[in-house]
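Student: turn this into a model:
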Amino acid sequence: PEVIQRMDQIPTENMEAYNLYLRALNQYNTVDDIYNSKEWLQQAIALDGNFSTAYALLGNSIIFQAGFVGDKNTADVAEQGKAMLEKALLLNPMDGIAHATMGQYYLWYDKDFNKAEIEVLTAINLAPSDESPYVSYIDLLLATGRFEEAIPVGSKLLERSDNLTHSWVKMALIWAFNNQRERTIECIERANALSANNVYIITEVARSHLLIKQYDQITDALNRYEGDLSIPRAMGLKAIAYYKIGEIESHNRELNSLIQRSQQTSGGSPSFYTAMVYASRGETELAFQWLEKSFEEIGRAHV
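Tutor: Below you'll find the predicted structure:
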């Protein structure tokens, strides 16, 4: 009966609103994309105030303004984004996308891993054919050090969407965290063969190279992106790669850019990536200082 009820649900009867929602979907390559998505979703909600999935995606767009390609401070977007997700779940408690996105919120903003897992597993139960809850669950498992548990989840993701680049990228990260070098490389090659010009894909490929210590490959992967890549995640990855291969001048340039960005905004987590760079240099005390700064910036969102 639950499956039949989900099948009978129509996200919206307003086709103009639905088309705006589709335009907003998967538009997170740049800061401009985030703001465009937000505007389209606001228009969709104005046309249909009961469009729960549009509220969910709007909440995601808002909190993503402080994400890895965003430029907003965490405190400026956290509560507004969460309010949109809560509105989506109020309108439709069976909205799997809303539950998956709320799981991401609890993971990255509140650091409440128990609530995050409940939301993500609920999303998988409600939307078993949708890949986004599986991606959210993989993020949670990797972030909390449950690397082996992520393997079957990644396999299920591939069963559902082996033609999508991000599925292979997630599997590459899973194998990398499990110290499976050859399998990591195989998944990277599959992802590269699909050749998506997407900042998320490119930087996740670079992260995979970092985890298996292919430092020369990090900048090669990032340079394949056809667009502006002046974001903290890319700066951090480049800084580590340059340090490991001995290009100290380039390393210092990227590290200084990160530190300057951290003085301007917490958007994109420059403090976290600065901590990563110092950790890669073996400067543990400095790494923890920057990690503390990163957590303080997140904490201010809930004051």
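Student: flag the shaky bits of the chain, pLDDT-wise.
Tutor: 2-9, 299-303 (pLDDT under 70).
Student: how about the strands in it?
Tutor: In the chain, no segments count as strands under DSSP state E.
Student: now do the contacts for the nearest residue to L141 once chain neighbours are set aside.
Tutor: Spatial nearest neighbour of L141, excluding adjacent residues (Cβ to Cβ, 6 or more residues apart in numbering): A150 at 4.1 Å. The way it works is simple: take the backbone N, C-alpha and C, and place the C-beta from them, glycine included. The contact partners of A150, taken as Cβ atoms under 8 Å, 6 or more residues apart in numbering, are I138, L141, L142, I174, F177, N178.
Student: got it, and A234?
Tutor: Neighbouring residues of A234 by Cβ under 8 Å, 6+ apart: T203, A206, L222.
Student: H209 is in contact with the last one, correct?
Tutor: Pointing back at L222 there. No - using Cβ atoms under 8 Å, L222 is not in contact with H209; the gap is 9.6 Å.
Student: who has more neighbours, those two?
Tutor: Counting neighbours by other Cβ atoms under 10 Å for L222 and for H209 shows that H209 has the greater number, 24 against 21.
Student: isn't the more buried one right up against I218?
Tutor: Yes - using Cβ under 8 Å, H209 is in contact with I218, at 4.9 Å.
Student: next, count neighbours for T219.
Tutor: Using other Cβ under 10 Å, T219 has 19 other residues around it.
Student: so what's the closest residue to it other than its chain neighbours up against?
Tutor: What sits nearest to T219 in space, not counting adjacent residues and going by Cβ to Cβ, 6+ apart, is A241, at 5.4 Å. Residues near A241 by Cβ under 8 Å, 6+ apart: L210, Y215, D216, I218, T219.
Student: quick check, nearest of those residues to A279?
Tutor: Proximity of the contacts of A241 to A279 (Cβ to Cβ) peaks at L210, which lies at 11.7 Å.
Student: and that closest one, how close does it get to F288?
Tutor: Distance, L210 to F288, using Cβ to Cβ, to the nearest Å: 20 Å.
Student: quick one, which of the two is more surrounded?
Tutor: Each of L210 and F288 has its neighbours counted (other Cβ under 10 Å); L210 has more, 21 against 13.
Student: hmm, that one is touching I240, no?
Tutor: Yes - counting by Cβ under 8 Å, L210 does reach I240; the two are 6.4 Å apart.
Student: okay, and the common contacts of those two?
Tutor: I218.
Student: which of the residues in stretch 57-71 are buried?
Tutor: Applying a neighbour-count criterion of 16 or more other Cβ atoms under 10 Å, one finds 57-71 buried in stretch 57-71.
Student: now, which of the contacts of A150 lie within helices?
Tutor: Mapping the contacts of A150 onto helices (DSSP state H) picks out I138, L141, L142, I174, F177.
Student: any idea how far the nearest residue to S269 once chain neighbours are set aside is from M171?
Tutor: Leaving aside its chain neighbours, S269 sits nearest to P232 (5.8 Å; criterion: Cβ to Cβ, 6+ apart). Distance, P232 to M171, using Cβ to Cβ: 25 Å.
Student: equivalent analysis for V77, please.
Tutor: From V77 across to M171, the span is 30 Å (Cβ to Cβ).
Student: would you agree T30 is in contact with D228?
Tutor: Yes - counting by Cβ under 8 Å, T30 touches D228, with 6.7 Å between them.
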